[in-house]
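Novice: predicted model and sequence follow; I will ask about them next.
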Amino acid sequence: MDTTETNTTLSATETLTIAGMSCGHCVVAVRQALQELEGVQVQNVTIGSAQIRRDPARATNQQLTEAIEDAGYTIGGIH
């Protein structure tokens, strides 16, 4: 996926709150999990949160949740 694509269907920046992150490895794991999703543009990942833009038709809340859970973490919310 081209994470630099400009696409008018992308949402405004959304913040995911993520439980279970405690180190730099966690940040890398979450970034990679989100980057693998079609329609997601990762803007920033820090311990406990990630900021993304996405095409809601291509990346649903369920897909975001599953990607984070598969990486070993829990989404606390999407805002």
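Specialist: The structure has been received and is ready for your questions.

Novice: max-length helix in this protein?
Specialist: Assignment by DSSP state H gives helix 24-35 as the longest helix of the chain.

Novice: work out the gap between it and the centre of the chain.
Specialist: Helix 24-35 has its C-alpha centroid displaced from the chain centroid by 9 Å (C-alpha atoms, centre = their mean, to the nearest Å).

Novice: cool, stretch 55-64 as well?
Specialist: For stretch 55-64, the distance to the chain centre is 10 Å (C-alpha atoms, centre = their mean).

Novice: got it, and stretch 70-77?
Specialist: The chain centre lies 10 Å from the centre of stretch 70-77; the measure is C-alpha atoms, centre = their mean.

Novice: kindly report the same for stretch 24-44.
Specialist: Distance, stretch centre to chain centre, for stretch 24-44: 5 Å (C-alpha atoms, centre = their mean).

Novice: how close does the spatially most central residue of the chain sit to A12?
Specialist: The centroid of the chain falls nearest to L34 when counting by C-alpha atoms, centre = their mean (4.1 Å). L34 sits 16 Å away from A12, taking C-beta to C-beta, to the nearest Å as the criterion. Just so you know, the C-beta spots here come from the backbone N, C-alpha and C atoms, and that holds for glycine as well.
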